[in-house]
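Trainee: got a sequence here, can you build the structure:
(one chain, ligands or ions: 1)
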Amino acid sequence: MIHYHTYDALVVGGGGAGMMSAIYLSRASGLKTAVISKLYPTRSHTGAAQGGIGAALGNLEEDHAEWHAFDTVKGSDYLGDQDAIDVMCREAIDVIVELEHMGLPFSRTPDGRIAQRPFGGHTHHHGQGPVRRSCYSADRTGHMILQTLYQNCIKNQVEFFDEFQAVDVLFNEGRCVGVVAYEVATGDFHVFNAKAVNFTTGGFGRVFSTTSNAYANTGDGPAIALRRGIPLEDMEFYQFHPTGIYRLGILITEGVRGEGGVLRNDHGERFMERYAPTMKDLASRDVVSRAINNEIKEGRGINGKRYVYLDATHLGAEVIEKKLPDIADFCRTYLGVDPVKDPMPIQPTAHYAMGGIPTDINGRVFADSRGTIIPGLYSAGETACVSVHGANRLGTNSLLDLVVFGRRSGIDMARFCAESDRGPLPSDAAGEAISRFERLRSGTGKENAGKLREELQITMMDNVGIIREEAGMKTAVEKVEELRRRYLDVEVMDKGTRFNTDLLEAWELGNLLDLARVVAVGALNRTESRGAHSREDYPKRNDEEWLKHTFVRQTEDGGVEIDYKPVTITDFQPKERVY
Ligand SMILES: Cc1cc2nc3c(=O)[nH]c(=O)nc-3n(C[C@H](O)[C@H](O)[C@H](O)COP(=O)(O)OP(=O)(O)OC[C@H]3O[C@@H](n4cnc5c(N)ncnc54)[C@H](O)[C@@H]3O)c2cc1C
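Mentor: Reported below is the predicted structural model:
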């Protein structure tokens, strides 16, 4: 059954980015706004964010938006667009005050100001040592942001379609006119006709086998865009966070190191002093993850195994219980380790997509590397690539990206909706989505989606992970092609319509496969090391050839096409990156 809905503005995704844009849309007079979300909004992954949100408030020591911008550019290994970074760091201060006024319960200094703590790569005076810039709510910052934004959406009468999964985006004469969604509870299809659509569907960490990301992070938004001919930007840059719980990948926030926790190898050595003499354990994430990888490779993992220790035992019970209560709880529950008394076994975990749907600083989506705007189509948050994170994101800058560019996209969508009529739907709007789902549901082949997903995740982890080289990436490209062929033979066991998670997981696997190909192809093509893209066969950054963004597009015959776009450099010329 197909249902039809008409809105002015539609937001796909109920995480931090989506709800921030929805608040701004609903504030604009007379705009009918809806959010569709495959999860109940407050279960979105923003709720898992622990350590904090960056802003140069200077509440505890001198700080400036310009220092924040420098650190972000340096952290990005000079691939971030400096005009966008400048906007993000300047608007950070105002947006934190706005969140506080919306009711966000930040942790406090003794004199009542918003408390701040150090985080990796955030420095004073352009690299002279850590600065306290991360605003936090204990280690539940994302949870508090999500609850606050949701309450404000409800206050502003935003309409929610919970457990509705967007499966296609609709265009008419080059303009975005809506979305097709699948209703999880019934299996019905819904066609939403809107003047403007904002894709804010989060990350795709489920491409890898060890990840901090939730099961829902399957990159639906970028995959839908890719299938409709929209290029994806800088997908080869995927961040591995240094401290995931050994074997589980669940995140231990960088806030532990911000509070003074240190990494130790099997000899008990604080090894980051060798790799990053100034910033030590608070160097940027790509640097720390590579250092851990190297310690393990050289046999200094704990008991020769694939992990090292994160030691917070010297911080004392009061700091841990007050500032890191959830982390302490995770460790006791999942590891049987009490971080007050024992070090935590950790290993790097796939964490964050720097790349995504290419946009300008107002969230407007680009159709190509020349900057052609697609009218009515927007994107924000982890799904988008503005690009403020370049080749490596600094901790606390994602939550900031969500609220700054969520807000900016909401404001620009409101402008666009006020100036535009609603474009008509194309004929048979839901047709393609329905036939894709019916093909999957009726499949009687011999392949099992869960098995294919596991093979994909291991292939990507082993060959397109923290350290890469040509032969491994070629293996990954070939394997992903093989899996894409086998995917056509998948059998979905549940043939029903109600809560058919078997069917949805098979559909999501298709998204992961499409994105994995783009990640692997982009990585293979980039013959240099930069930020999170670290190649053994090309260990140096090569600005002469590679100071440019990758754009990968899926062609009509199912192949991929690569193109490049120059990086915007304003204040900070590229130089060697040392911490
Ligand atoms: C454990 C952890 C800790 C982190 N800690 C920090 C931190 O301290 N500071 C920081 O800056 N960053 C942190 N990050 C990163 C940051 O939390 C995320 O990048 C960010 O929250 C992503 O927000 P988002 O709004 O883009 O997406 P999400 O919050 O993931 O929301 C995505 C939304 O899209 C919806 N959706 C997805 N697909 C579909 C579909 N097909 N149809 C409809 N809806 C769909 C989902 O239901 C969800 O509502 C952390 C990440 C993790 C995993």
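
Trainee: any idea how many residues pack against whichever residue of the stretch 301-450 of the chain sits closest to the ligand?
Mentor: Evaluated by Cβ to the nearest ligand atom, the stretch 301-450 of the chain has Gly381 as its residue closest to the ligand, separated by 2.5 Å. Yep, even glycine has a C-beta here, placed from its N, CA and C like the rest. Residues contacting Gly381 under the criterion other Cβ atoms under 10 Å number 33.

Trainee: was I right about it contacting Gly15?
Mentor: Yes. Taking contacts as Cβ atoms under 8 Å, Gly381 lies within contact range of Gly15: 6.3 Å.

Trainee: what residues do these two have in common as contacts?
Mentor: Residues within reach of Gly381 and of Gly15 at once, by Cβ atoms under 8 Å, 6 or more residues apart in numbering, are Thr200, Gly202, Leu402.

Trainee: let's have the residues you listed in JSON lines, adding secondary structure.
Mentor: As requested, the shared contacts of Gly381 and Gly15 are exported to JSON lines (DSSP: H, G, I helix; E, B strand; the rest coil):
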{"residue": "Thr200", "secondary structure": "coil"}
{"residue": "Gly202", "secondary structure": "coil"}
{"residue": "Leu402", "secondary structure": "helix"}
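
Trainee: who wins for most neighbours among those?
Mentor: For those, neighbours tallied by other Cβ under 10 Å; top is Thr200, 34 neighbours.

Trainee: and the closest residue to the ligand within the stretch 1-150 of the chain, what is it in contact with?
Mentor: Closest residue of the stretch 1-150 of the chain to the ligand, Cβ to the nearest ligand atom: Gly15 (2.2 Å). Contacts were defined as Cβ under 8 Å, 6+ apart; by that measure Gly15 touches Ser37, Pro41, Ser44, His45, Thr46, Leu146, Thr200, Gly202, Gly381, Leu402.

Trainee: give me that answer again for 7 Å
Mentor: Shown in contact with Gly15 (Cβ atoms under 7 Å, 6 or more residues apart in numbering): Ser44, His45, Thr46, Thr200, Gly202, Gly381.

Trainee: now the helices for the stretch 401-550 of the chain?
Mentor: Under the criterion DSSP state H, counting those that start in this stretch, the stretch 401-550 of the chain contains helices at 431-442, 449-463, 470-487, 501-525, 543-546.

Trainee: out of those, deepest packed?
Mentor: Stretch with highest mean neighbour count among these: helix 501-525 (a mean of 22; mean count of other Cβ atoms under 10 Å).

Trainee: now do stretch 453-472, average pLDDT.
Mentor: Per-residue confidence for stretch 453-472 averages out to 96 on the pLDDT scale.

Trainee: quick one: contacts of it?
Mentor: 207-210, 240, 289-290, 293, 348, 473, 475-476, 479-480, 483, 509, 512-513, 516, 519-520, 523-524, 534-537.

Trainee: now do stretch 264-283
Mentor: 118, 120-121, 129-130, 257, 262-263, 287-288, 291, 295, 300-303, 308-309, 311, 343, 579.

Trainee: and the helices in the stretch 151-300 of the chain?
Mentor: Read by DSSP H, counting those that start in this stretch, the stretch 151-300 of the chain holds these helices, from start to end of the chain: 220-227, 255-258, 272-275, 285-297.

Trainee: if we can go back for a sec, excluding its backbone neighbours, what's nearest the residue of the stretch 1-150 of the chain closest to the ligand?
Mentor: Using Cβ to Cβ, 6 or more residues apart in numbering and skipping residues adjacent in sequence, the residue nearest Gly15 is Ser44, 3.6 Å away.

Trainee: from start to finish, how long is stretch 361-377 in a straight line?
Mentor: For stretch 361-377, the first-to-last residue distance is 13 Å (Cα to Cα, to the nearest Å).

Trainee: quick one: contacts of that stretch?
Mentor: If you take Cβ under 7 Å, 6+ apart as the criterion, stretch 361-377 is touched by 83-84, 87, 175-177, 195-198, 230-231, 357-359, 378-380, 384, 386, 405, 408-409, 412, 416, 551, 563-565.

Trainee: what subset of those residues is buried?
Mentor: Burial of the contacts of stretch 361-377 was assessed by neighbour count (16 or more other Cβ atoms under 10 Å); the buried members are 84, 87, 175-177, 195-198, 230-231, 357-359, 378-380, 384, 386, 405, 408-409, 412, 416, 551, 564-565.

Trainee: from the centroid of this protein, which residue is nearest?
Mentor: Glu382 (3.5 Å; Cα atoms, centre = their mean).

Trainee: run through who's touching stretch 84-100.
Mentor: Residues outside stretch 84-100 that contact it (Cβ under 7 Å, 6+ apart) are 53-57, 65, 68-69, 72-73, 106, 114, 135, 145, 148, 361, 386-388, 400-401, 403-404, 407, 570.

Trainee: can you do 6 Å?
Mentor: When contacts are defined by Cβ atoms under 6 Å, 6 or more residues apart in numbering, stretch 84-100 is touched by residues 55, 65, 68-69, 72-73, 135, 361, 386, 388, 400, 403-404.

Trainee: of all the residues you listed, which comes closest to Leu10?
Mentor: For these, the minimum distance to Leu10 (Cβ to Cβ) is 19.9 Å, reached by Val403.

Trainee: so that closest one touches Met20, yeah?
Mentor: Yes. Between Val403 and Met20 a contact is recorded at 5.1 Å, counting by Cβ atoms under 6 Å.

Trainee: so between those two, which is more surrounded?
Mentor: Neighbour comparison, Val403 and Met20: the larger count goes to Met20, with 32 against 29 (by other Cβ under 10 Å).

Trainee: how close does that one get to Ile145?
Mentor: With distances defined as Cβ to Cβ, to the nearest Å, the gap from Met20 to Ile145 amounts to 9 Å.
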